[in-house]
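1. here is my input; please provide its structure:
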Amino acid sequence: MVNGKEISMERNIKGSEIQAKERLVFALDVPTAKAAEAMLDCVQETVGVIKIGLELFTSEGPAVVRMVQRYGKPVFLDLKVLDIAETVQRTVARVADMGVSFLTVHADRKALAAAVQGRAGNPALYILAVTVLTNVAQADLRECGFDGTVEHAVVARARLAAEAGCDGVIASGREPAAIRSAIDAPLLIVTPGVRPAGQGEDEHARATTPRQAIHAGADYLVVGRPIRDAPDPRAAAQAIVSEMQAAFDQQSLSP
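-> Sure, this is the predicted structure:
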């Protein structure tokens with residue numbers, strides 16, 4: 001449940017329409033609370049979820065979570081937690097106490113199990129397992145001694161997430177179809193590395209457009225720089241929402 005509203009684990013909700021704005025996660029990648037407030041004032045009406053990452057959380061701490069919550073938006077705390085089980089469990093319990101809606105944890109079996117235990121007192125906190133970062137390519141995996149494909153790694157880690165009782169996974173827009181084919185559990189798939197057509201991919205090795213990600217099976221899209229750095233961030237967010245809505249609508253019409 002997020003802000004009193006149940007999050008659907010189904011991609012298409014029978015009898016109702018997915019509202020794309022609610023599925024757009026804006027990465028609030030700015031260095032200070034002042035910059036965060038200025039950006040939120042600009043885009044709050046066009047995005048659904050606000051992601052706080054390592055830079056902003058390191059700069060401002062839990063106070064920035066409370067500030068974002070005053071805007072009435074679900075908070076996505078992107079800390080990519082990974083440590084020994086006790087530390088993960090205790091950390092997640094503190095995050096749950098803050099009323100955060102989503103938290104990322106690296107897809108390590110012990111860490112994921114500890115995270116699920118840590119949020120036991122607040123099941124409204126959704127645990128999302130980070131599979132393979134979107135800037136990782138095949139060569140990067142080989143350098144780390146992994147002989148399989150990126151897709152194999154993503155699916156294996158998504159399976160760990162399902163077995164641990166996580167609510168969803170973080171995966172690029174190239175892997176949702178493989179995840180859904182291999183895993184029966186109703187995992188939410190949250191996709192970063194999303195870039196509108198014609199825009200640069202930055203350092204993302206597996207970028208996709210909003211339409212591509214949704215058609216592949218993504219539920220939520222995370223977008224940062226294409227909104228933050230646009231001449232008109234509000235208009236940029238609205239254009240992405242429009243593309244998302246068209247893709248969701250097309251999905252709902254599919255047999």
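
2. show me where the chain has its strands.
-> Counting by DSSP state E, the segments of the chain that form strands are 24-27, 49-52, 75-81, 102-106, 126-130, 168-170, 188-191, 220-223.

3. columns distance to residue 178, mean pLDDT and mean neighbour count on top of those strands, output as TSV?
-> Where C-beta positions appear, they are placed from N, C-alpha and C, glycine not excepted. Formatted as TSV, the strands of the chain follow (distance: least, CB to CB, whole Å; pLDDT from 0 to 100; neighbours: other CB atoms under 10 Å):
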stretch	distance to residue 178	mean pLDDT	mean neighbour count
strand 24-27	22	98	25
strand 49-52	24	98	25
strand 75-81	22	97	22
strand 102-106	20	98	24
strand 126-130	15	98	24
strand 168-170	11	97	28
strand 188-191	11	97	26
strand 220-223	18	97	25
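
4. would CSV of those with distance to residue 116 be doable?
-> CSV is the format used below for the strands of the chain (distance: least, CB to CB, whole Å):
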stretch, distance to residue 116
strand 24-27, 21
strand 49-52, 21
strand 75-81, 12
strand 102-106, 9
strand 126-130, 6
strand 168-170, 12
strand 188-191, 14
strand 220-223, 20
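
5. next, count neighbours for residue 38.
-> By other CB atoms under 10 Å, 11 other residues sit near residue 38.

6. just the pLDDT for it.
-> pLDDT recorded at residue 38 is 97.

7. and it, how close does it get to residue 233?
-> For residue 38, the distance to residue 233 equals 10 Å [CB to CB, to the nearest Å].

8. what does residue 61 give?
-> Separation of residue 61 from residue 233 (CB to CB): 25 Å.

9. which one's more surrounded, those two?
-> residue 233 (18 against 11).

10. which ones are touching that one?
-> Contact analysis of residue 233 by CB atoms under 8 Å, 6 or more residues apart in numbering lists 39, 42-43, 227.

11. check contacts around the residue most central in space within the chain.
-> By CA atoms, centre = their mean, the chain has its centre lying nearest to residue 190, at 4.1 Å. Applying CB under 8 Å, 6+ apart to residue 190 gives the contacts 25, 102, 128, 168-171, 218-222.
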